[in-house]
Structure formats: C-alpha cells, structure tokens
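Chemist: here you go, sequence then predicted model.
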Amino acid sequence: MLKATLRSFLAHKGRLLLSALAVLLSVAFVTGSLIFSDTVSRTFDRLFASTAADVTVSPKEDLDEAVPSGRTATLPAALAERVRKIDGVAAARADVDVDGLTVVDERNEPVGPTTGAPTLGNAWNPNERSPVKLTSGHAPRGPAQALLDSETAGRKNVRIGDTLTVIAPPGSFQVRVVGIVTFTTTNPGSALLYFDTPTAQTKLLGRAGTATGISVDAAQGVGDEQLKQRVADALGAHTYDFRTADEQAESDVERLGGFLDVIKYVMLGFAGIAVLVGVFLIVNTFSMLIAQRTRELGLLRALGANRSQVRRSVLTEALLLGLVGSTLGLAAGIGLAAGLIALMGLLGMNIDADEMEIGWVTPVAAYVVGLGVTFVAAYLPARRAAGVSPMAALSDTEVAGVGRPLRVRAVAGGLVGAAGAAALAGCAVSRQTSSAASLLGLGVVLTLIATVIAGPLLVRPVIRVLGAGFPALFGSIGRMSQRNALRNPRRTGATAAALMVGIALVGGMSVASESMTASFDRQIDKTLGADFVIQNTNFRPFPQEVTDKVRGTDGVGLVVRGRFTPVAVRLPDGDRVETTAAGYDPRLDEVADIAYAQGDSAAALASGHLAMDRDFARDHGVRVGSTLPVEFPGGRSAELSVGALTDQDSAEGFGTQGGLFFGLDTLVRYAPGGQDSALYVNAGAGTSDGDLRANLEETLDPYPQVQVRDLADYKQLVRDQIAVLLYLVYALLGLAIIIAVLGVVNTLALSVVERTREIGLLRAIGLARRQLRRMIRLESVVIAVFGAVLGLVLGLVWGVCMQQVLALQGMTALAIPWVTIVLVVVGSAVVGVVAALLPALRASRMNVLAAIAHE
C-alpha cells in the first residue's frame, strides 16, 4: 500500500501542484511573520541591552499618556552629582532625551523621517554605551551648534555648516550642523540631533538644570540590582522610578511592542486567510481526484485492501503534499521575511538581514500548519474513498453522490445557520458593546460555516438565475456551460466558497467603514462650528509660539485652544478609571455645538468643574454636583465637581473613555507644562474664509508640521484614516482571490481531465475549439459570480451587524457602498475569465480521437 500510495502521489503530482501552492502561501505568511518579528525583536533587544545604563533613574509617572499632551516629565539634573557620591557608582550622567521635534532646512523642507518615526533631540554625553559615534566635525559647543546622524544627513543632503531650524516644545531656534554622528547599532528609523547639555536643557526642556533621566554606571564588582537598591535608598524609593539595564531594555521593548505586534498580526491575518481559502482548494482537489480514481480504488479493495488502508493511503498522499508545501513555504517565508527587512530599510529602519532570527518555533509552526491544513482538508475525501465498495468502484460509479449527503448538509447547515442568525440578531438588539461584539464574532463564524456547509444546496437555484441569460446570449454553448456548473453542486459550491470567504470579508468591512465615514461626516457637520482647525499632522501638540502667531494673524476673530492630559478618576462605585481629559477655553460654544443632557458649557468649563458623558456617569453612579477625586500627572490631584453631563455620541465626542473635559485654566493649574493640541479659529468681521485661510497658511509656513483644516479637510482626514483599514482588507481580499483563482483553475483543469471523453465527442460532432473555450470560460464565470453573490450577501449581513455595534459607540449612520458591490461582481466575472484561460486552452488542444478513446 505504501508503494501504491507513493506511485499514486507521483502520478498525480501535476494535479496536486496548485494545492501545494495554496499550502505554500499559507506557510509562507506564517513563517515570514514569525521570522520577521523575531528578527526585529532580537535586533532591538540587542540594541536596548547594549545602550541601557546599569541603572536608570526616571521621573515617576503613574499615568499612561495615550494622547500626547506636550508635557515632558523632568527631574533635577543635580541628582547626577548626588548619585556619583553613592558607593558602587562609577559614573552618572544627566540625560536629556526629547522626541517629537520638527526640523527644517534652509529651504523650509522637513529634515527627518517621513514614515512616522520620531525626530529625537538629545544632550551629547558620549560614552561606551552610546548608540552613535562622532565620525566627522566636532562636538557641539554653545546654543547654536548641533550634531546630526549620518543617515538623515545623507537622505536629506545636509552637510556640516548647514543651518537647521528646530521646532521644539518650548519654541523654535536655529542651529548650525558642526558634526555628523554614525550609528554603531541598529538605526530604529529615527532622526537624531545632539546638543550640548545646557542647550538641550534650555531649548528642549525650557529650563536649565533639568533632565529627563539619570544614567548610572556600576563600579566593577557591583551588580545592577545591588546598585539600584543603593540609588533608590539614597534618593527615596517612592520619589523616582529606578530600573536596571535589563528592566530598562524590557521597558523599551514593550513600548516598541505595539508596532511589532501590528506587523505580526497583519501577517498572521494574511496567513489565516490563506489557510482558510486553501482548505477549500485542497478539499476540492482530493474530492475530484478520488472521484476520478474510483476504478483504481476499487481494484485496491478487490485485491484485499481494507477501508482503513485506503483511508490511510489518501491521508498519506495529503501529508506528502503538506510536507512538500511546508518545505517550500518555509523557504518562501524566509524570502518574505528578507523582503520585509529590505522594506524596513527603505523606510529608514536598518536591520541586518544576515542576523535573521529563525527560532525552533518557526519550522515547527511551518510543518504544523502545512501538515495540519492538508490533513484536515483531506480527511473527509479520505473517508469517502474508504467507503467505496469494490463492486461499485469497478462499475466506475462516481464516489460523490448528491442524495443523502446533500440532505445531511441541509440539516447541518440549517442548524448552524439558525444558531448564527440568532447570534447576529442578538448582536443587533444588544445594548452593551462588549456583548454585541462577542455575539457578532460568534455569528460571523457560524454563518460562514453554515454557508460553506449549505453552499451546494444553493448552487442549482442561484446558478439557474445567474446563467438564465446564457442560452439567449450564447446559444447551446451557454446552455452547456450552465449545466456543467450544475452537474456537481458539491464541487461547484466548494470552488465558489474559496472566493466567497474573501468577498464576504471585504463586503462586511466595506459596509462598516462606509458607515463609520458617514457617521463621522454627519457628526462633524453637526458638532464642528469653527471656520478652521489648526493641528499638527501627527496630532502632537505644538509650541506656544504657534498659538501666539495664529492669534496675531490678520482676520482672526476668535481662537479657542484645546489641550489634553492623562487623568485617573475615582468614581462613586469604587472604580478608578484612567483616561484622557480635554481642556478648552471659555468660548467653546462659539466653535463647537455640544449637546448637554444636564448643564451647559459655562458650568462645564467653570473653575474646579468638569463635564463627562451621560452614559458613563450613569454607569458609575455620577450626577451633576458629584465631587470626584481626579489624579493628574506629576502626582498632583484635585477634587472636581461635575458641572455638566453631555449627550455626545463617540463619533462627535472626544473619543476617550468617559468624554471628560474641563476649563483650560483647570488643566493648566493641575497639569502644567502641556501644550495646545488644537486651535479652533473663527474669522473676524469682514474677513472671508478664503482670505483667512490664506493668511493662516502664510503665518504657519515656517511650521510645516502644522496644518490648517476646514470642515471638508477634517472629513477627508477621517476618511483617509479609515481607508488605511480598508486597504488592508482589500489586500486580504487580493490574497483570497489569488488562492481562489488557483482553486477555480484546479477545478476546471481536473474537470477537463474528468470530461476528456465527453469533450472529444463534442469536438467530433462539430464543436469548434473557440466554442469549447467559450463554454469553459462561461462555466468559470458563473461559478465565480456565484461565489461573489454568496459572499456579498453574507458580507452585507455582517456589515449591517457591525454597524449596529458601531452605533453603540455613537456611529449611527448606515451606508451601503453600492459602487464597491458592483465592482466586486464585475471583478468576480473577470476572475472567472482569467481562471479559465489555461484549462480552456488545454481542452481546446486535445486530440479528438485520443480524447474519445480515453478511459
């Protein structure tokens, strides 16, 4: 049996090629994502471990800053002198590290990364752990000199002697580049500027004698933990944060972890789609191969092979297929990881491909995925093959019948579909976001499974409708193509299912994203009353001088400032909620239309008051007049009274838990050192919007990071952000389509082999080659459109339910992207035509007599 299995596998290797390609793609994305994330993680582990001081002293921060406030936590630089006197300290340095700088050259062109990586300003304190070394020029001396990293200098054509303008939190200033530094470790993609310590303190932090941390080197023979304890005892264990080199490196890796996780999960998402769609392809391939090998299997049974031997034979072929696909997929995954590393290099993150990290988990995952996918996909066809009796096989009866199995599918599909529909209905009527999201996920999974199970039952009614016009348009060729698609509903359903999965995904996400866009458009129209909004492109705060210059611009009538700060609120029910609160100037009502359930803007913005969302307040037992303890950064706290409750949807509110906001004077009192994140500007009397915009853009020309946006610009900004998610979904759809095309090609190719004698007879009675190719193309088109229709119906249902979940967050508009739907249907027809090209060409080139004699 083993010899027969191996010979059968080698005899059908051409027919298994496309299935192996599906396995290859699945494994490649899994292994590529693992290798890439492991390599990047390992690279940064080494970077942070090599640059971290033995002990680091940092300002104590109890609140995480989810939204940038512009505040830089500092400590006294004089602490370094105190630390140097501690027993076991070899050296101590006062560090100044500030991110979020904007640097422009003499032509007012930005100098820095364009990929989202920050521009960092640092004090020049060279030591053996520095990530850079001075390779040309000299160290900075005085407030008008700076060093620039070599990669940024090369990319932006900056040379020693050039003048740069640095826009820092305290304000902008000019420096001359007096030296170039080169990375001694991996460049994480950032641009680096170095200043002497006094300049860094005054220009980056706004005050002399301050630092962002103290780096401590241990004397020989002193351990990091021991030194950390000594430093903490000397400075006060609860006054600052103290970390060893390992703890600091781990903290740095955690901050980077979000970026790495996004890439990893996106890649695994592609792998999941490849696995899911690949399963349909492999199931179909083995089902057709077993149907075509009915006589062969019957002979094996007649010669004494029992059912378990036949089943094991088919599963062994599947495992061989998985082994080949996994091996090739592992190699392709290494190549994919190398390509991602090269792409990161183009984006400024230089990772050495020679240091590619391939841990033991990667090959194990490759073979588990590859062998697991093929085994699971081939199990049902293998059981079907084992059920063939010798006499039925010798009579050349096809294994796959359409009687009882379809009745079983109807019952199973109906039960699973009913459970899925109930879950989606529960999602639609739920009033809790968490439970609605859980029911949505369950409903999506169950309805997808139900559609896959019951898909063959829908083949005949749906394809009869879709192909109804074929006889009138294409005559007998159209009629035969329609009947060929109806001949084996199970096969047609499985082939279409591969395409259905991707289209259902893109359909659902398209409805959700279109609804989000419509909701935001509606709420922006309803809420935003300012003529213009001034913001940074990356939404980070900007220096006070920007606010001052905007106020002094001709034609400006009103400027309302907006700032953010992290807070923690202790609520009457005992919860402590960390969130982000906003602060606004008193005339907020003139630039925004805020709906209040109780109170008004005057009460909300009054000194010592705050406002919050009505639903949040109700959930936590808060009323107007309640006094709440509020914690601010830097250990400050206050008792604030609830002055108003808003009735804002999340789409029009502040997008943070609780929707907290208060007057700007309250924010400045308890969270000093922050910066404005937005300016809401109205034109003065007699100034048109066009004139004001021109004046504002001229004023802000020296600040390329600051943008002037009107209502339309703001809507486009939201659309662009939502589009990023949609582009990812389209990429997933593209991958699903590629594998689905392979499935259609495979099905048609095996169908051509199965119908060789039939094709020969048709050619013998006068069917032209061109007509034969058209017949196969039409068959492919109707199968592809059938998959698209199922996917769109499923996706639209999912999308409507997604919108119901979004409605609980205030995004109440429902929008159907009809243009996308039409394009998907047309695109599926094109997919069908493309998939049929090779099988149709092969069929048309058959020798007529050889085809008639084929067994």
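Modeler: Looks like it arrived, so ask away.
Chemist: my read: residue 210 touches residue 201, true?
Modeler: Yes - using C-beta atoms under 8 Å, residue 210 makes contact with residue 201 at a distance of 5.6 Å. C-beta: built from backbone N, CA, C; applies to glycine.
Chemist: overlap in contacts of these two?
Modeler: Residues touching both residue 210 and residue 201 by C-beta atoms under 8 Å, 6 or more residues apart in numbering: 77, 96.
Chemist: quick one: least confident helix or strand in this structure?
Modeler: The weakest-scoring helix or strand in the chain, judged by mean pLDDT, DSSP states H and E, is helix 390-394 (a mean of 58).
Chemist: after that helix, which helix or strand is next?
Modeler: Next in sequence after helix 390-394, counting helices and strands by DSSP states H and E, comes helix 404-429.
Chemist: which element is the nearest residue to residue 412 once chain neighbours are set aside on?
Modeler: Nearest non-adjacent residue to residue 412, counting by C-beta to C-beta, 6 or more residues apart in numbering: residue 453, 5.3 Å away. Residue 453 belongs to helix 433-466 when assigned by DSSP H and E.
Chemist: check which helices and strands that helix sits against.
Modeler: helix 404-429, helix 476-487, helix 489-527, helix 769-807 (3 or more C-beta pairs under 8 Å, 6 or more residues apart in numbering; DSSP states H and E).
Chemist: what's the next secondary structure element after it?
Modeler: Following helix 433-466 in sequence order, the next helix or strand is helix 470-474 (DSSP H and E).
Chemist: buried set for that following helix?
Modeler: Neighbour counts over helix 470-474 (16 or more other C-beta atoms under 10 Å) mark 470, 474 as buried.
Chemist: flag the shaky bits of the stretch 501-650 of the chain, pLDDT-wise.
Modeler: Where the stretch 501-650 of the chain drops to pLDDT under 70, the residues are 648-650.
Chemist: which parts of it are helices?
Modeler: 544-551, 601-605, 614-619 (DSSP state H, counting those that start in this stretch).
Chemist: which one of these lies nearest to residue 432?
Modeler: Nearest to residue 432 among those is helix 614-619 (10.3 Å), distances taken as C-beta to C-beta.
Chemist: same list (the helices and strands packed on helix 433-466) but as CSV, adding distance to residue 249 and mean neighbour count.
Modeler: Shown next, in CSV, are these (distance: least, C-beta to C-beta, whole Å; neighbours: other C-beta atoms under 10 Å):
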stretch, distance to residue 249, mean neighbour count
helix 404-429, 43, 16
helix 476-487, 60, 19
helix 489-527, 38, 24
helix 769-807, 39, 23
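Chemist: closest one to residue 670 among these?
Modeler: helix 489-527 (26.5 Å).
Chemist: run the angle between that closest one and helix 404-429 for me.
Modeler: 10 degrees (axes from the mean of the first three to the mean of the last three C-alpha atoms, to 10 degrees).
Chemist: now helix 489-527, how far from the centre of its chain.
Modeler: In terms of C-alpha atoms, centre = their mean, to the nearest Å, the centre of helix 489-527 is set 16 Å apart from its chain centre.
Chemist: the longest helix seen in the chain vs helix 489-527, what angle?
Modeler: When the chain is parsed with DSSP state H, its longest helix is helix 245-292. Angle between the axes of helix 245-292 and helix 489-527 is 140 degrees (criterion: the same axes, to 10 degrees).
Chemist: put the alpha carbons of the helix or strand following helix 245-292 into CSV.
Modeler: Next in sequence after helix 245-292, counting helices and strands by DSSP H and E, comes helix 294-302. Only the C-alpha atoms of helix 294-302 are listed here, as CSV (Å, rounded to 0.1, in the frame of the first residue of the first chain):
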residue,chain,number,x,y,z
THR,A,294,-12.8,5.3,-8.5
ARG,A,295,-11.7,2.2,-10.5
GLU,A,296,-8.2,2.4,-9.1
LEU,A,297,-9.5,2.4,-5.5
GLY,A,298,-12.0,-0.4,-6.3
LEU,A,299,-9.1,-2.5,-7.6
LEU,A,300,-7.2,-1.9,-4.4
ARG,A,301,-10.3,-3.0,-2.4
ALA,A,302,-10.7,-6.1,-4.7
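Chemist: looking only at pLDDT, what's the mean for helix 294-302?
Modeler: Mean pLDDT, computed over helix 294-302, is 70.
Chemist: and the next element down the chain from it?
Modeler: Downstream of helix 294-302 (by DSSP H and E), the next one is helix 307-346.
Chemist: what packs against that following helix?
Modeler: Short answer (3+ C-beta pairs under 8 Å, 6+ apart): helix 307-346 packs on helix 2-11, helix 13-51, helix 245-292, helix 294-302, helix 361-386.
Chemist: could I get the buried residue list for it?
Modeler: 309-330, 332-334, 336-338, 340-341, 344.
Chemist: contacting residues around the closest residue to residue 118 other than its chain neighbours?
Modeler: Nearest residue to residue 118 in three dimensions, chain neighbours excluded: residue 99, at 4.1 Å (C-beta to C-beta, 6+ apart). Residue 99 sits next to 118, 119, 120, 121, 190 when contact means C-beta under 8 Å, 6+ apart.
Chemist: for the third one, helix, strand, or coil?
Modeler: Each residue gets one of three states, and residue 120 gets strand by DSSP: H, G, I helix; E, B strand; the rest coil.
Chemist: can I assume residue 27 is in contact with residue 325?
Modeler: Yes - at 6.5 Å, residue 27 counts as touching residue 325 under the criterion of C-beta under 8 Å.
Chemist: can you work out which residues contact both of these two?
Modeler: residue 370.
Chemist: re the thing from before, can you tell me which of the helices of the stretch 501-650 of the chain comes nearest to residue 481?
Modeler: Across the helices of the stretch 501-650 of the chain, closest to residue 481 is helix 614-619 (C-beta to C-beta), at 56.7 Å.
Chemist: contacts for that closest one?
Modeler: By C-beta under 8 Å, 6+ apart, helix 614-619 touches 597, 598, 622, 623, 642, 645, 646, 647, 657, 658, 659.
Chemist: can you do 10 Å?
Modeler: By C-beta atoms under 10 Å, 6 or more residues apart in numbering, the residues outside helix 614-619 that reach it are 569, 571-573, 575, 577, 579, 595-598, 611, 613, 622-624, 626, 642, 644-648, 650, 657-660, 808, 810.
Chemist: PyMOL command for the buried members of these?
Modeler: This is how PyMOL selects the buried members of the contacts of helix 614-619, with burial counted by 16+ other C-beta under 10 Å:
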select buried, resi 569+571+579+596+598+611+613+622+624+626+642+644+645+646+648+650+657+658+659+660+808+810
